[in-house]
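In: turn this into a structure:
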Amino acid sequence: QVQLVESGGGLAQPGGSLRLSCAASGPIISNYAMGWFRQAPGKEREFVAAISWSGGATLYASVVKGRFTISRDNAKNTLYLQMNSLKPEDTALYYCAKSRRLTTSPEGYEYDLWGQGTQVTVSS
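Out: Okay, the predicted model is just below:
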C-alpha cells in the first residue's frame, strides 16, 4: 500500500531548528506537487508550505515565510521541511501530503494522500 511517512519531529528550543522528512513508499510523488500542513491541539489544520512537482515553485504560509524551507528529492521520493527560528506557536503535529495537481496549492482538499504526522514541540 502506498504510504507517506514523516520523520524528524521532536523537541526544540525557541530559536532552534528541525528538519522534517517525508518518505514515500513508491515513486508516487515525483509527478505531483507536495505540501506540509500542521494541526495544533484545539485548532484546525493549517497550510504550511507547498512545492511543485519539479521543485521549481514553492508557496508558504505567511506565518512561516522566511523561516521554513520546503524542498524535495524526487530521486529519493522524499519531501523535506527545514524549520529555522522556531517559535512556541509552531508546536503542532506536522503532516505531509501529496497533491492531485502539478502546481502548488494551500487548500487541503487538493491533496489526496496524507501521512500520519510527526510531532514538533517548541519549548524552553
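In: okay, CA-based contacts and neighbour counts for the rest of this
Out: OK.
In: all helices of this protein, in order?
Out: Applying DSSP state H to the chain gives no helices.
In: so which residue is smack in the middle of this protein?
Out: In the chain, the centroid-proximal residue (Cα atoms, centre = their mean) is residue 36; its distance is 2.4 Å.
In: so what sits opposite that residue in the bridge?
Out: With DSSP bridges as the criterion, residue 36 is bridged to residue 49, residue 96.
In: who's in contact with it?
Out: 47-50, 81, 94-97 (Cα atoms under 8 Å, 6 or more residues apart in numbering).
In: let's go with 7 Å and repeat that
Out: Residue 36 makes contacts with 47-50, 94-97, as judged by Cα atoms under 7 Å, 6 or more residues apart in numbering.
In: quick check, nearest of these to residue 106?
Out: The closest of the contacts of residue 36 to residue 106 turns out to be residue 47 (Cα to Cα; 5.6 Å).
In: skip the chain neighbours and tell me the closest residue to that closest one.
Out: With sequence-adjacent residues excluded and distances taken as Cα to Cα, 6 or more residues apart in numbering, residue 47 is closest to residue 37, at 4.5 Å.
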